[in-house]
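Trainee: turn this into a model:
(chains A, B and C)
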Amino acid sequence: MDVIIQIIASGLTLGAMYAVATIGLSLVYGSLNMLNMAHGALLTLGGYICYATITHLGLHPALALIAAALVCAFAGLIIYVFATLPLLRAENFETNIFIATIGIGAIIENLMLKSFGPYPIPQPLGISGQVVIGNVHIPVQNILILVTALILMAAVAFLLQKTRAGRAIRATAMHREAGQLVGVRVGQVYAQVLALSGALAAVSGVMISSIATLTPVMGGDPMLKAFIVCVVAGLGNVYGAVVAAIALGVLEAATQYVFGVRWSFATLLLIVILVLIWRPYGLFGRQQVVRL
Amino acid sequence: MTEVRRDIIIGLICLLVALLVPVVLGGRYIVTQATVFFVWAIVVVQWNLVLGIGGIFSLAQMALFATGAYATAMLGFYLKVPMLIAIPLGGLITVMASIVIGLACLRLRGPYVALLTLAIAQVMYVLIVNDTACFTNVSGCLPLFGGVRGIGQFGDLGLRALFPSKWYVAHYYVALALLAVALTFSIIVIRGPLGLAFKALRDSPGYALSRGISRFKYQLWIFGVSAFFTGIAGGFYAVHFRVVGPTVFSFSLLLSLIAMIVVGGMGSIWGPLLGAALLMLADEGMKEFSEYRNIGLGLLVTLFVIAWPRGLAGWFERLQTLK
Amino acid sequence: MAEPALMLNGVKAGYAGRIVLQSADLAVGKSELTAIIGPNGHGKSTLLKVISGIVRVSAGEISLAGTRIDGLRPDQIVEKGVIHVPQGDLLFSGLTIHENLLMGAYRTREARSIAERLERVFSLLPKLKDRRNQVAGTLSGGERRMCGIGRGLMAGGDLLMLDEPSLGLAPIVIDQIYEVIFDLRRAGLTILIVEENAQRIMDEADRIHLLDNGRFAWSGEGSELMARPEIIEAYLGA
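Mentor: Model prediction:
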């Protein structure tokens, strides 16, 4: 029983972090068919900005989190202006933006490496203390992460479902030209999506580094898992991604317990491949009918 | 026919120059660096086939390279297979691995392929690095795949014994021969029926499909056959350096290979080779700035994709049309 | 003819190296129903896309009530009151009818005028009201067309451009759709309609233009066209 509580508790925390990391990725893919390989680097950037503003500028942790989100939103805008926008006008957008963002990710990560060094740094944003359920001790930090993630997801859902801007994001994702015809300034929507995705990446980077540590390469693993979540849910399906993220988080906690940390990633991947053989467009994805 | 003739002429000139390098320049450092260049050139040329011609978003090329290298090393270390046999065997094992990966991935759409192949490479890396259990204790504890330190002492081609002072020149010529074969193969693919099939699939997918050109079948073909040369390159790499470790999975290596393809020109015959040569030279020339290497590579990749998506090969084509 | 609501002067346009519109001149009168007919693939849809800014003009001028609009972004052109209901509707298939209609009024921010337009669209197309919460991707062809026209009307523009409103519909549904279009015209809206089915609009249109191979080959009133059966036969094969 205690084991199950433990698995669920750590699985939910993991899943919530993956969900926040995934939403942005999924939103960007859903809106522009852009696979943002720099997403992991944005995560890292967010973590370091939070750290730097707390330790060097003495900012309040909540303000530091907002600062990190703003900086990464800005980074998302820069990616939009300098990479996405010119590439959208040319052919082969999907391949080219994919390769370009690999390059951008490398630039950001290595800038972090130059500025903060290769050694792990603890994230100063954290709360000590534990909650005891049965015989299981759950750190307050984990609960805080879970709550923050839930609030964030609810806010994103509200934005997408209930606001004019959110409706425009969804509509443009469904049909770009139709969006233009009803007067949506498509470029603006894309810029908003990339900025939002950057801000979400920053928050998830802060969360992840607050229970692990900050390193310049810390973004790689969560990004890969976020990709896996996206793939399982069906690329671009934001709500499916949240469900899949939490499911994978719990699954990862369980496989870590059963098979040990070493095999957890391999097990996840195996499951993903099986899912994709069963449903090549993801669990919640629909096959796009391509007219020839 | 003129295009093929041009390819043959360029190829022969390059080959001639390469044959003369050890004789004319001769320095050990240059020859060894050029040998390494040949290895990466093989990988890049084959990756270009997969990415630029086959349209497969594969990030598994380094995993395939590693498969070849590890298979060769392990055959030599555990089964005492002589390297002359182990390297081609490694190539075949790589082909089998690529077919398994291909069957799992190639029915999916582009970006899914990229993500899955990246994840597969990462899983291989994690499994090798996190393995600490001793598999043998012959000469100290060694995990099955060598763990973090990798596998060594699995024999070599025998060229070191044959030419004790000039073995590196011998390796140079072996690598050159491998590259020549790999490149010839890539020219045949690009100019031949397979290249035509992919061109048809790209230009008019519906008609191509209705004429019985199956994208999946051809993609699996190109993925599998290019894996053979990639695996052989891996095997030679292992033999040349006498050790193979998990560093072949490193991101900066992946990045520099992508940069070679992108700078040279994805999908062209000579572009990736040119890109590989230029970037290796740039690496040599800017050794003092090596801490900025990855930032520079990232900038190069981004800049080229955005400004000149067809790379240097695209420049040359434009020059030709101007004439 | 009254002062033209829309003027095209020597407009040339096309896609990636292929010129579709050679040199199009056109005047659309205010509150008139103007029809463009012509065989398939001769630039009718491109003409509308050029006006709404989706396809760029490579030469010539387009002006709306005297001001030039060529070169503007599609959203700016919508802002000026040009509505383009595209061929095949292009609905936002994952949104409900209600959300699709709200997207139609995207440029309008006042809740009151949005509510008024919604009321008007619902009274004109009552079927949409019954199905307002249904997802657009699950609608029938006729309902989709109504939703597309309704979405266009939500923008509250002065010029309505319809691209083949009868395409792919059953005759009885086509009648319903045209009923609505004629209602709108009676209410004073300027309408530019692209239609392959010339008979359908010959007697209602104020002016008919025949687009052939990227140029206007003939212009006149509907009754004139009816008197020239050889044109109909040569160009439209009917």
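Trainee: residue A:222 touches residue A:42, doesn't it?
Mentor: No: taking contact to mean Cβ atoms under 8 Å, the distance of 10.9 Å between residue A:222 and residue A:42 leaves them out of contact. Where C-beta positions appear, they are placed from N, C-alpha and C, glycine not excepted.
Trainee: can you list the low-confidence ranges for chain C?
Mentor: C:1-3, C:236-238 (pLDDT under 70).
Trainee: spell out which residues of it are next to chain A.
Mentor: Listed as neighbours of chain A in chain C under the rule Cβ under 8 Å from any Cβ of the partner chain: C:52-54, C:73-75, C:78-79, C:84, C:86, C:90-95, C:99, C:102-104, C:106-107, C:109, C:151, C:155.
Trainee: need the strands for chain A, in chain order.
Mentor: All strands of chain A, identified by DSSP state E, fall at A:130-133, A:136-139.
Trainee: elements contacting the first one?
Mentor: Contacting strand A:130-133 under the criterion 3 or more Cβ pairs under 8 Å, 6 or more residues apart in numbering or on different chains; DSSP states H and E are the following elements: strand A:136-139, helix A:140-162.
Trainee: residue A:175: what's it in contact with?
Mentor: Taking Cβ atoms under 8 Å, 6 or more residues apart in numbering or on different chains as the contact definition, residue A:175 lies against C:90-93.
Trainee: rerun that using 7 Å as the cut-off
Mentor: Contacts of residue A:175 were listed using Cβ atoms under 7 Å, 6 or more residues apart in numbering or on different chains, and they are C:90, C:92.
Trainee: rewinding a little: tell me, which of the residues of chain C next to chain A make contact with chain B?
Mentor: When Cβ under 7 Å from any Cβ of the partner chain is taken as the criterion, no member of those contacts chain B.
Trainee: give me the subset of these lying in strands.
Mentor: Per DSSP E, strands hold the following members of the residues of chain C next to chain A: residue C:84.
Trainee: following element in sequence after the one helix or strand residue B:93 maps to, please.
Mentor: In this assignment (DSSP states H and E), residue B:93 forms part of helix B:83-105. The helix or strand immediately downstream of helix B:83-105 is helix B:110-129, counting by DSSP H and E.
Trainee: tell me the gap between the helix or strand following that following helix and the middle of its chain.
Mentor: Using DSSP H and E, the helix or strand that follows helix B:110-129 in sequence is strand B:151-152. Between the mean C-alpha location of strand B:151-152 and the chain-wide mean there is a distance of 21 Å, by Cα atoms, centre = their mean, to the nearest Å.
Trainee: and for stretch A:107-116?
Mentor: Mean-position distance between stretch A:107-116 and its chain equals 20 Å (Cα atoms, centre = their mean).
Trainee: near chain B, anything from that stretch?
Mentor: Yes: using Cβ under 7 Å from any Cβ, we find that stretch A:107-116 touches chain B at A:107, A:110-111.
Trainee: and the strands in chain C?
Mentor: Counting by DSSP E, chain C has strands at residues C:4-15, C:18-29, C:33-37, C:57-64, C:67-68, C:82-85, C:159-163, C:190-194, C:207-212, C:215-220.
Trainee: quick one: the ones you listed as a markdown table, columns for mean neighbour count and distance to residue B:272 too.
Mentor: Formatted as a markdown table, the entries for these read as follows, by neighbours: other Cβ atoms under 10 Å in any protein chain shown; distance: least, Cβ to Cβ, whole Å:
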| stretch | mean neighbour count | distance to residue B:272 |
| --- | --- | --- |
| strand C:4-15 | 19 | 32 |
| strand C:18-29 | 18 | 32 |
| strand C:33-37 | 25 | 51 |
| strand C:57-64 | 17 | 37 |
| strand C:67-68 | 10 | 48 |
| strand C:82-85 | 28 | 45 |
| strand C:159-163 | 24 | 46 |
| strand C:190-194 | 24 | 48 |
| strand C:207-212 | 22 | 48 |
| strand C:215-220 | 16 | 48 |
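Trainee: who's in contact with residue A:146?
Mentor: Contact partners of residue A:146, counting by Cβ under 7 Å, 6+ apart, are A:12-13, A:16.
Trainee: chain center to stretch A:179-187, what's the gap?
Mentor: From the chain centre to the centre of stretch A:179-187 is a distance of 27 Å (Cα atoms, centre = their mean).
Trainee: also stretch C:212-221?
Mentor: Here stretch C:212-221 is found 17 Å from its chain centre; the criterion is Cα atoms, centre = their mean.
Trainee: how long is that stretch end to end?
Mentor: Terminal residues of stretch C:212-221 lie 17 Å apart, using Cα to Cα, to the nearest Å.
Trainee: strands of chain B, residue ranges please.
Mentor: Assigned by DSSP E, chain B shows strands spanning B:151-152, B:243-244.
Trainee: give me the contacts around the first one.
Mentor: Translated: strand B:151-152. Contacts with strand B:151-152, where a contact means Cβ under 7 Å, 6+ apart, come from B:73-74, B:77, B:242-244.
Trainee: tell me the one of these nearest chain C?
Mentor: Proximity of the contacts of strand B:151-152 to chain C was ranked by Cβ to the nearest Cβ; the top entry is residue B:244 with 48.2 Å.
Trainee: that closest one contacts residue B:236, doesn't it?
Mentor: No: counting by Cβ atoms under 7 Å, residue B:236 is not a contact partner of residue B:244; they are 11.0 Å apart.
Trainee: residues in contact with residue C:24?
Mentor: C:8, C:11, C:47, C:215-216.
Trainee: if we can go back for a sec, max pairwise distance over the contacts of strand B:151-152: which two?
Mentor: Using Cβ to Cβ, the two most remote members of these are B:74 and B:242, lying 14.2 Å apart.
Trainee: of those two, which one has the most company?
Mentor: Taking neighbours as other Cβ atoms under 10 Å in any protein chain shown, residue B:74 and residue B:242 compare with residue B:74 leading, 21 against 14.
Trainee: quick check: the gap between residue B:76 and chain A.
Mentor: As for residue B:76, its distance to chain A is 26 Å (criterion: Cβ to the nearest Cβ, to the nearest Å).
Trainee: that residue contacts residue B:87, correct?
Mentor: No: in this structure residue B:76 lies outside contact range of residue B:87 using Cβ under 7 Å: 9.3 Å.
Trainee: show me which of these two is the more surrounded one.
Mentor: Under the criterion of other Cβ under 10 Å, the comparison of residue B:76 against residue B:87 puts residue B:87 first, with 27 against 24.
Trainee: not counting sequence-adjacent ones, nearest residue to that one?
Mentor: The spatial neighbour of residue B:87 that comes closest, neighbours along the chain excluded (Cβ to Cβ, 6 or more residues apart in numbering or on different chains), is residue B:235 at 3.7 Å.
Trainee: just want the residue of chain C that's nearest chain B.
Mentor: Of chain C, the residue with the smallest distance to chain B, taken as Cβ to the nearest Cβ, is residue C:16 at 13.4 Å.
Trainee: how about that residue, phi and psi?
Mentor: Listed backbone geometry of residue C:16 is phi 20, psi 70, with angles given as degrees, to the nearest 10.
Trainee: burial of residue B:98, as a residue count?
Mentor: Burial of residue B:98, expressed as a neighbour count using other Cβ under 10 Å, amounts to 26.
Trainee: contacting residues for residue A:14?
Mentor: For residue A:14, the residues meeting the contact criterion (Cβ under 7 Å, 6+ apart) are A:249, A:252-253.
Trainee: mind putting those residues into CSV with pLDDT, neighbour count and distance to chain B?
Mentor: Formatted as CSV, the entries for the contacts of residue A:14 read as follows, by pLDDT from 0 to 100; neighbours: other Cβ atoms under 10 Å in any protein chain shown; distance: Cβ to the nearest Cβ, whole Å:
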residue, pLDDT, neighbour count, distance to chain B
A:249, 90, 23, 17
A:252, 87, 22, 13
A:253, 88, 21, 17
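Trainee: return the residues in contact with the closest residue in space to residue A:24 that isn't next to it in sequence.
Mentor: Closest residue in space to residue A:24, ignoring its immediate chain neighbours: residue A:197 at 3.2 Å, by Cβ to Cβ, 6+ apart. Under the criterion of Cβ under 7 Å, 6+ apart, the neighbours of residue A:197 are A:24-25, A:27-28, A:76.
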